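# Have a look; sequence and predicted model below, questions after that.
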Amino acid sequence: MPVKPKILATNPVFPETQALLEAYATVEVNPSVEPWDYHEVRRRCRDAVGLLAFMTDRIDADFLAACPDLRVIGAALKGFDNIDLHAATGAGVWVTIVPDLLTVPTAELAIGLMLSLGRNIVTGDRNIRANGFHGWRAQLYGAGLAGATVGIVGFGLVGRAIAERLAGFQCRLLACDQSVSATTAEAWPYVTMTSFENVIASSDYVVLALPLIASTMHIVNAETLAAMKRCARLVNPARGSLVDESAVADAISRGQLAGYAADAFECEDWALENRPSGIDRRLLDLSAPTVFTPHIGSAVTDVRREIELSAARSILDVLAGRVPFGAVNDPGKRMAHAQSAAR
C-alpha cells in the first residue's frame, strides 16, 4: 500500500476539514489554540507536501528551503501578507487563499466596532459589571451613525460590503480606492468616490478596508491623524500595520482622535521586521476610548468551517494535479520559465 502524503495543519481544525484531508493524506494537526512558533511549524512541515496555514504562520524563503517536499500552502485567509509569495513561487509551491468567504462577517464586525465605539457600549457594559445598575444617569454621551459622514478607505469586497450595510443607517458615505473603475463607482450611487485626503479630512468615522502591502503600511500615521477631523473615530477591521498604533495613542491623548476600534493589531503581522511585541499600553488603559476584539472578523462558526474546507480542497487540488482554487501564484509558469532559461 502506497504511503499517504503528509499535510500539516498549524491550528485546530473542524472535524469535517480533518476528515476531508485524511481521505487522501496523513494529517498532523496542532490540537491547541496556542499556535506553534515559526521554528516548530518549520520542523513539523519539513516532510509535508501540503500546509494548511493560518494567520499565526510566517512562511519565508528559509522556511521553504527547509521543506523540500512542500507543494502547496492552502491559507485559510483572505490576505497573504505573512507569506513570501515570490519565494514560494520560486520554490515551486502553490499559494492559495479564500478570497470571499471572510467578506460578510468582517463587514458585520466593522459595523459592530463602529457602534460600540461611538455609543460607548463596551464602557457601559463594564460600568454595570463593576458598579451595578441604579437607573439612568446623564453620562456616556457618544456619537451615532445617523447624520454622520463615514469614510471607507479601500473599496474592494470588504469595503463594498461595509457600505452596503451602512446604507440603512442614514449616514453620508465616502470612499477612496484608486483601483475602482468608473463602472463600479456608478453601481454605488449612494457612495461618493473621492480622494484619500478628502476621506480623511471630512469623515466622522474612518473605516479601513485595505490589504497590507508596502504602499498601505502605516497609511494611518501621525500626519494622517493630524489631517483628520478633530474628534473623528478610527475603525480598523483589516490589518494591524495599516495603523501606527503609537501615533493613534498620541492622537487620543491630545484630543485629536475621539476613539479607536480594531480587530487586528501591529504585533500579529508576523512577516514584518521590528513589529511591536504587543499593543501600546496607553490604548489598553480602561479609561481610553478604545474598543478591541481579538481578530474575530471571520469568527462565525459556519463561515470558519467553510473557509477551512475551501483551503483544504485547494490543497487536494494540487495533490490531484489540478490548478487549485484561490491560487494567488502560478509556480508552474515560473518553474517552466526557469527551466527554459537554463537550456
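Happy to help now that I have it.

# Could you pull up the contacting residues of residue 318?
In this structure, residue 318 makes contact with 50, 71, 72, 94, 324, judged by CB atoms under 8 Å, 6 or more residues apart in numbering. Every C-beta, even on glycine, is put in place using the N, C-alpha and C of the backbone.

# shouldn't the last one be in contact with residue 73?
No. Judged on CB atoms under 8 Å, residue 324 makes no contact with residue 73 at a distance of 10.0 Å.

# any common contacting residues for these two?
Common neighbours of residue 324 and residue 73 are listed as 94, 96 (criterion: CB under 8 Å, 6+ apart).

# How about the contacts made by residue 14?
Counting by CB under 8 Å, 6+ apart, residue 14 touches 304, 305, 308, 309.

# ditto for residue 240
Shown in contact with residue 240 (CB under 8 Å, 6+ apart): 262, 264, 265, 266, 267, 268, 269.

# what about burial for the residues you listed, which qualify?
262, 264, 265, 266, 267, 268, 269 (16 or more other CB atoms under 10 Å).

# Out of those residues, which comes closest to residue 59?
residue 269 (13.6 Å; CB to CB).

# My guess is the closest one contacts residue 241. True?
Yes. Assessed by CB under 8 Å, residue 269 is found in contact with residue 241 at 4.5 Å.

# anything in contact with each of these two?
Counting by CB under 8 Å, 6+ apart, the shared contacts of residue 269 and residue 241 are 212, 275.

# just the strands in the stretch 101-250 of the chain please.
149-153, 172-176, 191-193, 205-208, 232-236 (DSSP state E, counting those that start in this stretch).

# re the thing from before, kindly indicate the member of the contacts of residue 318 with the most neighbours.
Neighbour count (other CB atoms under 10 Å) singles out residue 50 as the most crowded of the contacts of residue 318, with 30 neighbours.

# Now do that one against residue 323, distance only.
According to CB to CB, to the nearest Å, residue 50 stands 15 Å off from residue 323.

# Repeat that for residue 37.
Distance of residue 37 to residue 323, computed by CB to CB: 32 Å.

# Ok, residue 236 next?
Applying CB to CB, the value for residue 236 to residue 323 is 34 Å.

# Which one's more surrounded, these two?
Neighbour count, other CB under 10 Å: between residue 236 and residue 323, residue 236 has more, with 27 against 12.

# Can you verify my assumption that the more buried one contacts residue 243?
Yes. Between residue 236 and residue 243 there is a contact under CB under 8 Å: 5.5 Å.

# what touches both of the two?
Common neighbours of residue 236 and residue 243 (CB under 8 Å, 6+ apart) are 208, 220, 260, 262.

# Out of those residues, the closest to residue 6 would be?
When the shared contacts of residue 236 and residue 243 are ranked by distance to residue 6 (CB to CB), residue 262 comes first, at 36.7 Å.

# related to what we said a few turns ago, can you add distance to residue 17 and mean pLDDT and give the strands of the stretch 101-250 of the chain back as TSV?
What follows is these, written out as TSV (distance: least, CB to CB, whole Å; pLDDT from 0 to 100):
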stretch	distance to residue 17	mean pLDDT
strand 149-153	33	98
strand 172-176	35	98
strand 191-193	37	97
strand 205-208	30	98
strand 232-236	29	98
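
# Now render the ones you listed as TSV, adding distance to residue 118.
Formatted as TSV, the strands of the stretch 101-250 of the chain follow (distance: least, CB to CB, whole Å):
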stretch	distance to residue 118
strand 149-153	10
strand 172-176	15
strand 191-193	20
strand 205-208	7
strand 232-236	6
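
# out of those, which comes closest to residue 32?
Nearest to residue 32, of all the strands of the stretch 101-250 of the chain, is strand 232-236, at 27.8 Å by CB to CB.

# Mind checking the strands of the stretch 101-250 of the chain for the one nearest to residue 253?
When the strands of the stretch 101-250 of the chain are compared by CB to CB, strand 232-236 sits nearest residue 253, at 14.3 Å.

# what's the spacing between that closest one and its chain's center?
On the basis of CA atoms, centre = their mean, to the nearest Å, strand 232-236 sits 16 Å off its chain's mean C-alpha point.

# Then stretch 82-101?
Counting by CA atoms, centre = their mean, stretch 82-101 is centred 16 Å from the centre of its parent chain.

# mind starting the numbering at 816 from now?
Noted, 816 is the first residue going forward, which turns the last one into stretch 897-916.

# so how far does it reach from one end to the other?
Using CA to CA, to the nearest Å, the end-to-end distance of stretch 897-916 comes to 19 Å.

# With stretch 1139-1146 instead?
With CA to CA as the measure, stretch 1139-1146 spans 12 Å from end to end.
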